[in-house]
Every structure is written in C-alpha cells, then in structure tokens.
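> One predicted model, sequence on top.
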Amino acid sequence: MLILGLSAFERNPAALLFNHGVVEAAVEENKLTRSSAHGVPHAAIRYCFAKTAVGWDELDFVAVAARPLRAWMRKSLWRARQALSFPLDGLYHGAKELGTLSREWNNSRSLADTGGIPSSKLLNFEHHLCHGAAAFYSSPFDRSLILTLDEEGDGWSGLLAVGEGTQIRILQPIPFPHSLGWVYSQVTALLGFVPQHDEHKLQWLSLEGEPLYSSVFIDMLRASRGPFPSLNLSFFNGGRKSGIAFSDKFYQRVGVGKGNQISGEQRAALASSLQDACARVVGDLIEDYRRREGVGNICLGGGLSENTLLVADLEKRLGGSVFVPPAPGNSGCALGAAYLAWHQKLKQGRTPPISNVYWGPKYSRQEIKDVLDNCKAKYSLHYTELEKLDAVVRLLEAGKIVAWYQGATEFGSRALGNRSLLASPWADYVKENLNDYVKHREWYRPFALAVPAEDCPRFFECSELSSFMTSLGRARSTSDEKLRSFFLPGDRVRVHVVKQQSNPLFWRLLKRFGERAPAPILVNTSFNLFGEPLVVSPRDAVRSYWCSGIDAMMLDNFLLRKHNGSIGEGAACPST
C-alpha cells in the first residue's frame, strides 16, 4: 500500500511516501528549493517518487492535511461577529480569507490535474488532526492524551483528543482566534524578530529575563473560566490590517512604550513572562484532562511544540510520559495525514515507533565527486572509515569547526548527525567562533551537545525526547568549566542523544573522539547558512562551506580544508 502524505499548502509544505506503514522518503519543499515555500510541494513530491521508483498511478491514496472549505467557514463565522465592531477590518480579513480559500482550491485542483488523481484516492484531513496523528502514531504509547497547538490551521488553533490503539477520539478543538501560537508570534514581532520565523529566538531570550509580566499574559490568555485558552480581546486592537495587534491596554499593563521604546531588559522580561504564562496555561489544561480521562501519557503536536523550553517544563511538571514527534510543525502534518489514511481508511494496525528521520535525499560518492570537480575544489580522499574518523578527530582536537555531511538528509528542522557542524566543546572560543564566523546569531542562543546513548547518563539526565532534540536535558554535577559554558540556567542543556542503531557512523565518530578527549561529547549545530534551511545536496554543502567560517568539511569520504598543514590529511585528489 502506497500513500503520499502532503502537509497543508500554506506554509512550509512537505511530502512523504508511506509504503506498507513505513516511511520511505520525506522532505520539506524549502530544503530543495532553498527559499520560502508555499503551495503544492512539487519538488518534494518528485523526490519521493524518484527515491522509491513509483509514480502517481501506483499510489493507493494521496492524503492532504487541509480542509480549506471548513477553514473558511469557521473563520468567516468569527469574522462576521467581529465585523459588527470593526467593519473595515472585517471586510479586509474577509477578502483575505476568500483569497486563501481560492488559492487552496487552486492548489487542490493543480494537484489532482498533475497526478490525474481520481477523487476517490484524494483524502483531506483536518490540519490539527494530522498534527495529533503524527504525534500519537509515531509515539511508543498505546493510549495517550493528545494536545496540538499552533497559530491556526483549518480554522482551529489547537485540538485536545485521546488516542487509543489506532483510533483518535476528539475531545474538543480550540477555535480560532484563541491561539497561544498567534500571541507568541505577536510578541515575537513586538520584540523586533520576524513572526512565523523567529519564535525560537524569543524562546531563548526568555532565559535572560524574569517573568515580571506573567499575570498580564495569564489575564490575556484566560478570558473565561475553565482550562482552555481563551483570549481576552480587550488586549488587542481588533486585528488591524497591518502591524502588531496589541492594544493600548496591553502597553499600559506592562508599562512599556510602543515601537523602539522597549529596552533590552524589558524585552527579556516580556519573553520570560510569555514563556512562563504559556507553560502554566498548557500545563493546567493537560493536568485537568489527564484527571478527567484517566490518562497518564501525553503527545504534543503543532508549531508550539517546537518550543523545547515549554516541552522540558511540561516533562518536569507532569513527571515524564511526554512525547513530541521529530517534526511537530507544519511539515510533520504530511506524516500525520499518511498515518490517518493508513489507520482510518485502510484499517491497518499500529507500526513501530519512529526511531530515526533520515528520509531525505542521499547522494552517491560519484555524485559528490562530480560536484567537487565541477567546483574545482581541492580535496583529499579517505579510503576507509577509520581514516575518515581519525582525520575528523584530529581536526576537532585542533579546535577546528568541521562540517559533517553524510548519508541522507534529516526530516525536520534539527541536525541529527547527517547535516551537522561539529566542534570540540573543549576548544578555546568555540562558541564565539561558531557564532561570529558561521552562524551569525544572537549570543544567548545555545548549542547542543551530542553524546552516545550509553555514555549519556554519566553526564546528563534526559528523556527519550533528546534523541530528536525535542526537549532539554539536565547536566549532572561537573567541575569541567568548558562544558558548563554550554549549560542553560538551572543546569539545563540541549542534548542530542545518539543511538548506535539510529546513526552508527556518527555514534562511532563520538566514540572515537572520546578516546582522545575528556569525554565522547561534541558540539552539534545545523549545517546551513544564516536564515537558510539545512543543506541537502553536495552543492548546497560546498556553497555553505565556502561562504562561512567553517574550517573543514567531510562530504562522505572527501575532506576539504581551508587551512594549510597536515591536520586530517588523506590521499591528495586535486580536481582536474
């Protein structure tokens, strides 16, 4: 049984091919096009077909994580009520949502025309149900509470449900506009970041401040009694056509000015307050419904679940039993849609929990060599795995930043050891070098530390979520000041736990490094240029390497170095 799963077409679309309950290929459109993507993910679909050697005619179903007509009807009903108070805004948003509906219909028609798909094979599922399915069906739980939260999808801002075996029973949707994700995006814009893009920056900024305004955000997010988020609309200006939507009441309550009048200390306090309020609201909601339903486990999905600080706080409060899928945002809906077709349409049983997400494009050694020769790059070739590992270890020992490009691209936003930048945490100025010469990002954003699974308990306390970096770990007591520089307040730390069966090559690199370093631990951050997605192709990698301060790059068995000398040297293979 072949199922093509597609995420919603509005933002960050992705395609995934499901073959008899197993993911065989998956990639986000923007990783292939190297630009912001909307609409039908044609490039991602072509990749899935090319990797699996199938075509449209061989598909049993095409499952799409969108129901555009329902979305328009739900939002239009609310906008109609709002138009009584804000008629001009109501007209603007009504016209905008008609345009969205038109685009969605055109996308669906384009998809059907491209593949010649009969209506019986085209399945549309609720956006938030797909978030929930991706979380629950890829988890190890047979029964679980499911909570999804994002800005908005199909007219809902979230969903609470219970998963049991192959069934998902909806308890209650969170209707638009009562959206924690939307408020988070508004504060992201207020603090000078890009909304729907830089929310992770606000997350880490929250660690630099105190939650002085938590009560304000609690009042904003809980307008009515009960555990569900309910926005107090008096904190907003009626949804103006442009700009940030906070009203004068909000600015008066927090005591800050508009625009550029917010100080650095106030920015950190606002970020901390919003983070604290979201954790309290979400935690209270989960605890209430865990008692009602008699369920201990919780699966989280949706864009807000990409907030690892929130997930870590929930794990601490709820005592574990929390699962977040590797790609909880919009792209992961492609997986959820495929799962729903598999379980609900085909009535098939549960498949094993997801153990890795190396589902993206992979390139042969000859393809990589062709790119390097075409770029006239000088490289050395390491003929054995041991030679390759030792060359990289020597570079890392020398304090170099090494791009590690191996195997298939990861699905999701995390670099999990195939498209990674690596460095020794014991190297001098490693954080400064990564930030100043490669990542060009804010100083307060943390780097992850990768460690083999069996060595992890010596250094960190963390849950299974650290295999996909969807939560945080906690450092055990250590006197090593070099490692402590990577810790967050409260000795929390971003940990990437590497299992031998999931990524044997990266696991062996960590082990090899640990034979010569104080511990088998490496700094692991994403291999990409500032503002771009993870590199995918060898050409992406070469471009990112030469356009940044990376010292060396290992593509498959080919080593490129920017410095002179013999560190990591292998058999010389100058381009011809």
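Now that the structure is in, tell me what you want to look at. Predicted model only: the values in this text are computed from it and were never measured.

> my guess is residue 311 contacts residue 469, does it?
No - applying CB atoms under 8 Å, one finds residue 311 not in contact with residue 469, separated by 10.4 Å. For glycine as for every other residue, the C-beta is placed from the backbone atoms N, C-alpha and C.

> From residue 146, how far out is the nearest residue to residue 484 once chain neighbours are set aside?
Here the nearest residue to residue 484 in space, its sequence neighbours aside, is residue 478; by CB to CB, 6 or more residues apart in numbering that works out to 6.7 Å. The gap separating residue 478 from residue 146 is 37 Å, by CB to CB, to the nearest Å.

> Compare these two (neighbour count), which wins?
residue 146 (30 against 15; other CB atoms under 10 Å).

> ok so that one is a strand residue?
Yes - using DSSP: H, G, I helix; E, B strand; the rest coil, the assignment for residue 146 is a strand.

> For the residue nearest to residue 430 when sequence neighbours are not counted, give me phi and psi.
Excluding the flanking residues, the one nearest residue 430 by CB to CB, 6+ apart is residue 423, at 4.9 Å. Main-chain dihedrals, residue 423, degrees, to the nearest 10: phi -160, psi 160.

> for residue 423, what are its contacts?
Residues in contact with residue 423 (CB atoms under 8 Å, 6 or more residues apart in numbering) are 396, 399, 400, 401, 402, 430, 433, 434, 522, 523.

> Grab the two from these that are most spread out in space.
Pairwise distances across the contacts of residue 423 (CB to CB) peak at 14.5 Å, for the pair 433 and 522.

> Of the two, which one has the most company?
residue 522 (29 against 19).

> Pick out the residue nearest the middle of this protein.
residue 413 (4.2 Å; CA atoms, centre = their mean).

> pretty sure that one is in a helix, no?
No - the assignment for residue 413 is coil, going by three-state DSSP, so no helix is present there.

> Distance of it relative to residue 217?
In terms of CB to CB, residue 413 sits 26 Å off from residue 217.

> Ok, residue 460 next?
Taken as CB to CB, the span from residue 460 to residue 217 is 31 Å.

> Repeat that for residue 279.
11 Å.

> Looking at the two, which one has more neighbours?
Taking other CB under 10 Å, residue 279 and residue 217 do not tie; residue 217 has more neighbours (26 against 22).

> so what's that one up against?
183, 273, 274, 276, 277, 278.

> rerun that using 10 Å as the cut-off
The contact partners of residue 217, by CB atoms under 10 Å, 6 or more residues apart in numbering, come to 180, 183, 187, 211, 235, 250, 253-254, 270, 273-278, 280-281.

> Please, which helix or strand holds it?
helix 214-221 (DSSP states H and E).

> Using CSV, write out the CA atom coordinates for whatever helix or strand comes next after that helix.
Per DSSP H and E, helix 214-221 leads on to helix 248-254 as the next helix or strand towards the C-terminus. The C-alpha coordinates for helix 248-254 follow below in CSV (Å, rounded to 0.1, in the frame of the first residue of the first chain):
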residue,chain,number,x,y,z
ASP,A,248,-3.1,50.4,24.5
LYS,A,249,-4.4,48.4,27.4
PHE,A,250,-1.6,45.9,26.9
TYR,A,251,1.1,48.6,26.8
GLN,A,252,-0.3,50.2,29.9
ARG,A,253,-0.4,47.0,31.8
VAL,A,254,3.2,46.0,31.1
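
> Helix 214-221 and whichever helix or strand comes after helix 248-254, what's the angle between them?
Using DSSP H and E, the helix or strand that follows helix 248-254 in sequence is helix 264-293. Helix 264-293 and helix 214-221 are oriented at 50 degrees to each other (axes from the mean of the first three to the mean of the last three CA atoms, to 10 degrees).

> all helices of the stretch 101-250 of the chain, in order?
Ranges of helices in the stretch 101-250 of the chain, per DSSP state H, counting those that start in this stretch, are 127-137, 180-190, 199-205, 214-221, 248-254.

> Could you point out which of the ones you listed sits nearest residue 380?
helix 199-205 (36.5 Å).

> what packs against the closest one?
helix 180-190, helix 264-293, helix 308-318 (3 or more CB pairs under 10 Å, 6 or more residues apart in numbering; DSSP states H and E).

> Mean neighbour count, those helices: which tops it?
helix 180-190 (a mean of 23; mean count of other CB atoms under 10 Å).

> So for that one, mean pLDDT?
Averaging pLDDT along helix 180-190 gives 95.

> between that helix and helix 214-221, what angle do the directions make?
Going by the same axes, to 10 degrees, helix 180-190 makes 130 degrees with helix 214-221.

> Might one say that residue 35 is in contact with residue 533?
Yes - in terms of CB atoms under 10 Å, residue 35 counts as a neighbour of residue 533; the distance is 9.3 Å.

> CA atoms of the helix holding residue 217 as CSV?
Output of helix 214-221 as CSV, limited to C-alpha atoms (Å, rounded to 0.1, in the frame of the first residue of the first chain):
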residue,chain,number,x,y,z
SER,A,214,3.3,36.8,33.8
SER,A,215,0.0,37.9,35.3
VAL,A,216,-0.7,40.2,32.3
PHE,A,217,-0.3,37.3,29.9
ILE,A,218,-2.3,35.0,32.1
ASP,A,219,-5.1,37.5,32.0
MET,A,220,-4.7,37.8,28.3
LEU,A,221,-4.8,34.0,27.7
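
> hey, what's in contact with both of residue 279 and residue 217?
Residues touching both residue 279 and residue 217 (CB under 10 Å, 6+ apart): residue 211.

> Just give the number of residues close to residue 528.
Applying other CB under 10 Å, I find that residue 528 has 22 neighbouring residues.

> Using the three-state scheme, assign residue 16.
strand.

> Pull the contacting residues for it.
By CB under 10 Å, 6+ apart, residue 16 lies in contact with 3-7, 23-28, 41, 44-45, 48, 63, 134, 327, 331-339, 359, 411.

> and residue 20, how many neighbours does it have?
12.

> any idea which helix or strand of the chain has the worst average confidence?
strand 571-573 (a mean of 51; mean pLDDT, DSSP states H and E).

> just for the stretch 451-576 of the chain, where's the confidence low?
479, 564-576 (pLDDT under 70).

> in it, which spans are helices?
Using DSSP H, counting those that start in this stretch, the helices found in the stretch 451-576 of the chain span residues 456-459, 481-484, 504-514, 538-546.

> for those helices, which one sits closest to residue 446?
helix 481-484 (12.4 Å).

> If we go by neighbour counts, what in that closest one is buried?
residue 483 (16 or more other CB atoms under 10 Å).

> Likewise for stretch 493-509?
For stretch 493-509, by 16+ other CB under 10 Å, it's 493-499, 502-503, 506-509.

> can you check stretch 21-35 too?
Neighbour-count burial for stretch 21-35 [16+ other CB under 10 Å]: 21, 23, 25, 26, 27, 28, 29, 30, 31, 32, 34.

> surely residue 278 meets residue 199?
No - taking contacts as CB under 10 Å, residue 278 lies outside contact range of residue 199: 11.1 Å.

> quick one: contacts for residue 297?
Residue 297 neighbours (CB under 10 Å, 6+ apart): 136, 139-146, 163, 290, 318, 320-323.

> among those, which ones are buried?
Among the contacts of residue 297, the ones that count as buried (16+ other CB under 10 Å) are 136, 139, 141, 144, 145, 146, 163, 290, 318, 321, 322, 323.

> Spatially, which residue comes closest to residue 278, not counting chain neighbours?
Using CB to CB, 6+ apart, the closest residue to residue 278 is residue 180 (5.6 Å).
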